[in-house]
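Trainee: Need a 3D model of the following:
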Amino acid sequence: MPQIVSPPEHSQTTLRPLCVDLDGSLVKSDTLLDSLLVLVRKRPSLLLALPGRLLRGKAAFKAFVTESVSLDVVHLPYNRKLLHYLDEQHRLGRDLYLASGANIALARRVAAHLGIFKDVLGSDGDLNLTGHNKLERIRTRLGAGEFDYVGNDIPDLPLLACSAEPMIANPSLALRMLMRTRNIHPAQEFCERRRSLATMVRALRPHQWAKNLLLLIPLLLSHSISIKPLIGGLLAFCSFSLAASGTYIFNDLLDIESDRLHPRKRKRPFAAGDLSPITGLAAAALFLTLAFVLTVKLPANFAAWLLLYVLSTAAYSVRLKRIPIVDVLVLSGLYTLRLLAGSSATSSHISHWLGGFSVFLFFSLAIAKRFAELQNLLASQSVPKNGRGYILSDIEQLRAFGTSSAFAAVIIFANYISGRDVVALYRNSTLLWMILPLMILWLCRVWLLASRGKLDEDPVVFALTDRMSLLIGIAAIVVTLLAI
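Mentor: You can find the predicted model right below:
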């Protein structure tokens, strides 16, 4: 009987070396930009030194940033399709080289984490290893033999043109066009980055715009609605919504590293590497500019409220969110600030009752957000890693703060509907007492679900998606209309 001989496996001598680019290819994000964002958050004093370092050349600039901060390479948004292919090639015995324009120290940390690369080529303090510089270094390292290369952008074009089998990962549109004009056909593509309008919309968080409906509350409670104040209120809503989206992007960029440690937030567009920080900064600047352009049609003091909102959210993103209790005070204060801005935009009076009620109510909801975060971590037997300053043993104290503040808001509302002003504004003011049990029901439900670990970490998202919350809100509106 003839002996059956199995086909020979690929050996190290029959497989061409494969060189892989890091930024935008193996990793969907840009490690230099990621490191800069970490530097802004952790060592902002070094920002003044950046222009001088940049004047010394891009290689020196990259070296300085890499030495100044330690980027978390474990949780970078790796291109899993490409990484799976590289793992297969590594098991076949193929020599893999990480050839990156990133600083050599950072590239080596990535290679050490993955454990599949034979050697690492990267920028040092003198030479920026991109384009032809990278090609020459690869030739020096590998000799005149053939090699394959994986890249994603225009600087990779010389290497793709010289490789035996060019491969692309998350390629830019410009690279695709140039490859077509030069008749370079990719042997394989590893595309994992989402590039769609929906991704940008997610970054803007339009569901959070519902918070800005608070700007219309002073007008609605004035019982004197006319066209001009209503238009002013709608313009104010649009202005605050645009500003909010800009500040959300700014916050996400600063939190890019901590978000990658979170099971849900790591899917945000910037943390996931689906959107570039450059795109984010441009979008944030555009939306903030449009927000202030709209203030031209509104009273002058409204622009001051909007500016205070933007500055407060910026301070919150940079520092205040990491100081326990101060963070929730700022969050609750931003809700009250919306009421004051709405009062300015619509020229409507805001009572001290409404101000006091909003402070206690929104402080309770802000505490509920932090409580839910800790409760979910406790249920998953994890420890806080987002730098908020809270620890798991704070749960019971936060529960006490939040529930007491919630019932303080209920008491203030009860005192308000007992006053003479309410009797004058509402024909059937007694009906307003029916809102109290609805309010107690909703607040107790929020805290009960939070204690059970079933509350979304953002109470606003919960209120907009929870059927019971929507029914309670509708019932409260019906009671109010009947009382007028």
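Trainee: The residue most central in space within the chain and L281, how far apart?
Mentor: For the chain, the residue sitting closest to the mean C-alpha position, by Cα atoms, centre = their mean, is D252 at 2.9 Å. Per Cβ to Cβ, to the nearest Å, D252 is found 11 Å from L281. Using the backbone N, CA and C atoms, a C-beta is placed for each residue, glycine as well.
Trainee: for R176, same thing?
Mentor: From R176 to L281 the distance is 25 Å (Cβ to Cβ).
Trainee: those helices in the stretch 51-200 of the chain, which residues are they?
Mentor: 58-68, 80-91, 104-114, 131-142, 157-162, 173-181, 197-204 (DSSP state H, counting those that start in this stretch).
Trainee: Sketch out the low-pLDDT regions of this protein for me.
Mentor: Counting by pLDDT under 70, the chain has low-confidence residues at 1-14, 384-388, 456-457.
Trainee: Could you chop it up by domain?
Mentor: With domains defined by automatic domain parsing, the chain comprises 18-190, 195-315, 351-484.
Trainee: Pipe those domains into JSON lines and attach distance to Y335 per row.
Mentor: Shown next, in JSON lines, are these (distance: least, Cβ to Cβ, whole Å):
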{"stretch": "domain 18-190", "distance to Y335": "25"}
{"stretch": "domain 195-315", "distance to Y335": "6"}
{"stretch": "domain 351-484", "distance to Y335": "4"}
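Trainee: still on that earlier bit, the residue nearest to the centre of the chain: which element?
Mentor: If you go by DSSP states H and E, D252 is part of helix 227-254.
Trainee: who does that helix touch, helix- and strand-wise?
Mentor: In terms of contacts (3 or more Cβ pairs under 8 Å, 6 or more residues apart in numbering; DSSP states H and E), helix 227-254 is packed against helix 31-42, helix 197-204, helix 217-221, helix 277-294, helix 300-318, helix 326-346.
Trainee: list the buried ones in that helix?
Mentor: Across helix 227-254, burial judged by 16 or more other Cβ atoms under 10 Å covers 229, 232-233, 235-254.
Trainee: do the same with stretch 105-113
Mentor: The neighbour-count check on stretch 105-113 (16+ other Cβ under 10 Å) flags 105-111 as buried.
Trainee: can you redo those residues as TSV with distance to K265?
Mentor: Output for these, formatted as TSV (distance: Cβ to Cβ, whole Å):
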residue	distance to K265
A105	28
L106	23
A107	27
R108	28
R109	23
V110	22
A111	27
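Trainee: Go through those residues and name the one nearest L425.
Mentor: Among the buried residues of stretch 105-113, L106 lies closest to L425 (Cβ to Cβ), at 63.9 Å.
Trainee: contacting residues around the closest residue to the closest one other than its chain neighbours?
Mentor: Counting by Cβ to Cβ, 6 or more residues apart in numbering, L106 lies nearest to T66, which is 4.9 Å off, once chain neighbours are set aside. Residues near T66 by Cβ atoms under 8 Å, 6 or more residues apart in numbering: 35, 102-103, 105-106.
Trainee: And T66, how far from R109?
Mentor: As judged by Cβ to Cβ, T66 and R109 stand 9 Å apart.
Trainee: what's the answer for M434, then?
Mentor: Separation of M434 from R109 (Cβ to Cβ) stands at 62 Å.
Trainee: centre of the chain versus stretch 381-398, how much separation?
Mentor: Computed by Cα atoms, centre = their mean, to the nearest Å, the chain-centroid distance of stretch 381-398 equals 21 Å.
Trainee: so how far does that stretch reach from one end to the other?
Mentor: One end of stretch 381-398 to the other measures 19 Å (Cα to Cα, to the nearest Å).
Trainee: got it, and stretch 142-161?
Mentor: Stretch 142-161 has an end-to-end distance of 17 Å (Cα to Cα).
Trainee: Check which residues of that stretch are buried.
Mentor: Residues of stretch 142-161 classed as buried by neighbour count (16+ other Cβ under 10 Å): 142, 147-160.
Trainee: again with stretch 350-358
Mentor: By neighbour count with 16+ other Cβ under 10 Å, stretch 350-358 contains the buried residues 350, 353-354, 356-358.
Trainee: Please, which helix or strand holds the nearest residue to I472 once chain neighbours are set aside?
Mentor: Spatially, and ignoring its direct neighbours in sequence, I472 is nearest to W442 (4.8 Å; Cβ to Cβ, 6+ apart). Here W442, judged by DSSP H and E, is contained in helix 435-451.
Trainee: by contact count, what packs against that helix?
Mentor: helix 352-379, helix 395-417, helix 459-465, helix 467-483.
Trainee: Please name the residues that touch S35.
Mentor: Per Cβ under 8 Å, 6+ apart, neighbours of S35: 65-66, 68-69, 71, 106.
Trainee: can you do 10 Å?
Mentor: 62, 65-66, 68-71, 102-103, 106, 257 (Cβ atoms under 10 Å, 6 or more residues apart in numbering).
Trainee: And for I477?
Mentor: Contact analysis of I477 by Cβ under 10 Å, 6+ apart lists I435.
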